[in-house]
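**Q** Predicted model and sequence follow; I will ask about them next.
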Amino acid sequence: MDEKLQYNEIIDVCLLAGKIMLQNGAETSRVEDTMVRIAAAFGCADSHSFSTPTGIIFSLDGMHPASKLIRVSQRSTDLHKVTLVNSISRSISGKEMTPEEAFSRLKQIEGAGMGYPLWGQIFAAFIASGCFLIMFQGQWNDFIWSCIAGGMGFSCLLYLHRLLEVRFFAEFIASLVVGLVALFFVNIGVGSHLDTIIIGAVMPLVPGLLITNAARDLIAGHLVSGLSKGADAGLTALAIGAGISAAFFFL
């Protein structure tokens, strides 16, 4: 095989692996480390990787130096895909895969759907909302109402993410729904503590993984990614808070 063509295939494998990981919730340091390890396993010891939340630059040095850039426009959370890419990376390091086989397997992972169906995600948010209410010292008689408010808010979030491409608007409307549902239950007399119902129900909307990755990137020295992810998490939290505040205008 032509050496230059082989270099391009290795870069394609590294970029696709990094793209899948970055799109599905991996921190920047893990993305860059995985890409460099894959290149080294294929015999390219001199490689350079630079990742931000919106793009990846990867280059190889040698007889035929080459660089490529890939954009990352959509991001979600599916740590199962991150685990699968890590598994492929280990297989490559163990000389168990060729670049062609690795690229084909990564394409399959990229095209696969989410690890859990929508109803499973909504049910998890439903139960988690009630559990958060209890964790924040809420009353058991508010458990089901917090579950319903959280489930409805999370359902709204998923629907709006599919329907609209406007950032932070889905979080604002979803938290507004949470606030209105909680107010409804308290006003009709079945809910007793509005604050704990809202706190429990809004927790599935909070960008916990994004906040964690922002802190880990800053600690690892990835200042651009850490600050941008922190800003993203902060604006998301602001949208959630604004939605809850807007709900109180209906009091």
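**A** Cool, the structure landed.
**Q** ok, which stretches of the stretch 1-150 of the chain are strands?
**A** Applying DSSP state E, counting those that start in this stretch to the stretch 1-150 of the chain gives strands spanning 47-52, 55-60, 66-71.
**Q** any low-confidence regions in this protein?
**A** 1-5, 62-64, 114-115, 251 (pLDDT under 70).
**Q** domain ranges for it?
**A** 3-111, 118-250 (automatic domain parsing).
**Q** The last one: end-to-end distance?
**A** Pointing back at domain 118-250 there. Terminal residues of domain 118-250 are spaced 30 Å apart (C-alpha to C-alpha, to the nearest Å).
**Q** Determine how far it lies from the middle of the whole chain.
**A** For domain 118-250, the distance from its own C-alpha centre to the chain's C-alpha centre is 15 Å (C-alpha atoms, centre = their mean, to the nearest Å).
**Q** Including mean neighbour count, could the domains of the chain go into CSV?
**A** In short, each C-beta sits where N, CA and C put it, glycine included. Output for the domains of the chain, formatted as CSV (neighbours: other C-beta atoms under 10 Å):
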stretch, mean neighbour count
domain 3-111, 18
domain 118-250, 19
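**Q** In CSV, list the strands of the stretch 1-150 of the chain along with distance to residue 238.
**A** Formatted as CSV, the strands of the stretch 1-150 of the chain follow (distance: least, C-beta to C-beta, whole Å):
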stretch, distance to residue 238
strand 47-52, 22
strand 55-60, 25
strand 66-71, 26
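**Q** right, so of the ones you listed, which gets closest to residue 30?
**A** strand 47-52 (9.6 Å; C-beta to C-beta).
**Q** now the angle from that closest one to strand 66-71?
**A** Using axes from the mean of the first three to the mean of the last three C-alpha atoms, to 10 degrees, one finds that strand 47-52 and strand 66-71 are set 20 degrees apart in direction.
**Q** Summarise which helices and strands strand 47-52 is packed against.
**A** helix 3-23, helix 28-41, strand 55-60, helix 223-247 (3 or more C-beta pairs under 8 Å, 6 or more residues apart in numbering; DSSP states H and E).
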